[in-house]
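A.B. asks: prediction below, plus the sequence it came from.
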Amino acid sequence: MRRDDYKYTPEEFSDLFKKYWGTVYTICYRYVQDADMAKDMVQNIFITLWERDHALRDPFILEKYLTKAAKYQVFKHARDSRSRAMERVDDLDETPADAIYNPHQNYLYQELTNQLQKQVALLHEPARTIFRMSRYEALSHKEIAGRMGIAIKTVEYHLSKSLRILRKMSNNRQQ
């Protein structure tokens, strides 16, 4: 048997799962802030690892693989969530007029919008400007980077930081 053809035994895989599950879960949860979603991501990662053609024998390479896989799952989730959000916005065009002009719904929408604007105003610069350009002006990361004269990675950093802060503010308000 060649070294590359070696596969994990169920016992080895169980030991790996027990050893790395917490680390992978922490990475996923840190970004999605949803325990069930993070658990699903971890499960997908370990299923993929089990289905690989060969075992990763070097612990350093295995840990790097699991870390990258966790980040990939988070990015995939963010991409899919953004797509679903855009589909919901597109569905508004198909919503009956009486549903759109429901006074109670309009009130709730205005309240949420006001709360969001207040929370966005509390963000530090340049995160506040980048967030507004992204969400209110619908500019791409590349367009924002070009306008502000910064790297695309810097735009991504400030957006993720802003979303994390806004999510925390929202969670604190609900409690």
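C.D. replies: Alright, I've got the coordinates.

A.B. asks: C-alpha from now on. contacts and neighbour counts both.
C.D. replies: Fine.

A.B. asks: now the helix or strand containing Thr113 - C-alpha only, CSV.
C.D. replies: Counting by DSSP states H and E, the element that carries Thr113 is helix 103-121. Coordinates of each C-alpha in helix 103-121 appear next as CSV, following Å, rounded to 0.1, in the frame of the first residue of the first chain:
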residue,chain,number,x,y,z
PRO,A,103,-49.4,50.4,7.9
HIS,A,104,-48.1,48.1,10.6
GLN,A,105,-45.5,46.7,8.3
ASN,A,106,-44.5,50.2,7.3
TYR,A,107,-44.2,51.3,10.9
LEU,A,108,-42.0,48.2,11.7
TYR,A,109,-39.9,48.9,8.7
GLN,A,110,-39.3,52.5,9.6
GLU,A,111,-38.4,51.6,13.2
LEU,A,112,-35.9,49.0,12.1
THR,A,113,-34.4,51.5,9.5
ASN,A,114,-34.1,54.2,12.2
GLN,A,115,-32.4,51.8,14.6
LEU,A,116,-30.0,50.6,11.9
GLN,A,117,-29.1,54.2,11.0
LYS,A,118,-28.4,55.1,14.6
GLN,A,119,-26.2,52.0,15.0
VAL,A,120,-24.4,52.7,11.8
ALA,A,121,-23.7,56.3,13.0
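
A.B. asks: list the buried ones in it?
C.D. replies: Buried residues in helix 103-121, counted by 16 or more other CA atoms under 10 Å: 119-120.

A.B. asks: with stretch 36-45 instead?
C.D. replies: 37-39, 41-43, 45.

A.B. asks: from those residues, which land in helices?
C.D. replies: In helices, judged by DSSP state H, the following of the buried residues of stretch 36-45 are found: 37-39, 41-43, 45.

A.B. asks: how about those residues in JSON lines, adding distance to Asn114 and pLDDT?
C.D. replies: Rendered in JSON lines, the data for those read as follows (distance: CA to CA, whole Å; pLDDT from 0 to 100):
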{"residue": "Met37", "distance to Asn114": "29", "pLDDT": "90"}
{"residue": "Ala38", "distance to Asn114": "30", "pLDDT": "90"}
{"residue": "Lys39", "distance to Asn114": "34", "pLDDT": "92"}
{"residue": "Met41", "distance to Asn114": "34", "pLDDT": "91"}
{"residue": "Val42", "distance to Asn114": "36", "pLDDT": "91"}
{"residue": "Gln43", "distance to Asn114": "39", "pLDDT": "92"}
{"residue": "Ile45", "distance to Asn114": "39", "pLDDT": "89"}
